[in-house]
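Participant: Below are the sequence and a predicted model for it; my questions follow.
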Amino acid sequence: MDFLVTMTTQVPEGTPEQAVDDVKAREAAHTAELAAQGHVLRLWRPPLKPGEWRTLGLFAAASEDELGKVLASMPLRVWRHDEVTPLAAHPNDPGTPGRAPLAAEYLITMTTVVPDGTPAATVADTDAREADRARDLAREGHLMRLWKLPAESGAARTLGLWSADDAGGMDAVVAALPLYPWMTVQTTPLSPHPSDPPPAQR
């Protein structure tokens, strides 16, 4: 089972710099161990304000209880608050990416609301075209992963890991999706994290 974890760290004022460096070093070493065990799949930096210390992580665990133990084992947890979002399998998920991402990666949340009165045949046709397009975008290296998010107010939500040459290219790819006219889209640009597992471990 996959989980998206938003990890926000606040170091107490007055903490010696050497203590911070020590915890960060132990965190990096333990993260490498968790990656080798298959628990840490990816790590990224989202856009940050000055002074913010936040990481987005894609984790795998057999259950939320197991994930809790994994997160509790990480040295930075003493200063960190974790927000966990469970991710469910999506029928259009390409699975393990067959190629490296393009220049930039993005996490994109898509909330889809089908307009009232839309014929069922139209919905089925649009869903089928969306699945076909997802396969094409996976082959092109744009769509890396796709998951279902918990629904909100009855609206279907998905989380995708996408890549493109730049933000404009990513916007163009998303705007061309068959379901796009029914979507609300939230895009988070991602920066590399120093402890992101190497491609061979993903």
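Facilitator: Cool, got the structure.

Participant: Could you export the helix or strand of the chain with the lowest mean pLDDT as PDB, CA atoms only?
Facilitator: Ranking every helix and strand in the chain by mean pLDDT, DSSP states H and E puts strand 143-152 at the bottom, with a mean of 93. Provided in PDB are the C-alpha atoms of strand 143-152 (Å, rounded to 0.1, in the frame of the first residue of the first chain):
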ATOM      1  CA  LEU A 143       2.800  10.100 -16.500                       C
ATOM      2  CA  MET A 144       4.900   8.300 -13.900                       C
ATOM      3  CA  ARG A 145       2.300   7.100 -11.400                       C
ATOM      4  CA  LEU A 146      -1.400   7.500 -10.700                       C
ATOM      5  CA  TRP A 147      -3.400   6.800  -7.500                       C
ATOM      6  CA  LYS A 148      -6.900   7.300  -6.200                       C
ATOM      7  CA  LEU A 149      -7.300   9.800  -3.300                       C
ATOM      8  CA  PRO A 150     -10.100   9.700  -0.700                       C
ATOM      9  CA  ALA A 151     -13.200  11.300  -2.200                       C
ATOM     10  CA  GLU A 152     -14.300  14.700  -1.000                       C
END
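
Participant: quick one, helices of this protein?
Facilitator: 17-36, 64-72, 120-140, 167-175 (DSSP state H).

Participant: Columns mean neighbour count and mean pLDDT on top of the ones you listed, output as a markdown table?
Facilitator: Heads up, the C-betas are built off the backbone N, CA and C, glycines and all. Listed next are these as a markdown table, based on neighbours: other Cβ atoms under 10 Å; pLDDT from 0 to 100:
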| stretch | mean neighbour count | mean pLDDT |
| --- | --- | --- |
| helix 17-36 | 14 | 96 |
| helix 64-72 | 14 | 98 |
| helix 120-140 | 14 | 97 |
| helix 167-175 | 15 | 97 |
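
Participant: Columns distance to residue 188 on top of these, output as a markdown table?
Facilitator: Listed next are the helices of the chain as a markdown table, based on distance: least, Cβ to Cβ, whole Å:
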| stretch | distance to residue 188 |
| --- | --- |
| helix 17-36 | 21 |
| helix 64-72 | 21 |
| helix 120-140 | 18 |
| helix 167-175 | 11 |
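
Participant: what's stretch 23-41 in contact with?
Facilitator: Applying Cβ atoms under 8 Å, 6 or more residues apart in numbering, the contact partners of stretch 23-41 are 2, 43, 57-61, 67, 70, 73-76, 78-79, 194-195, 197, 201-202.

Participant: just to revisit the earlier point, any idea which of the helices of the chain gets closest to residue 96?
Facilitator: Closest to residue 96 of the helices of the chain, according to Cβ to Cβ: helix 120-140, at 10.6 Å.
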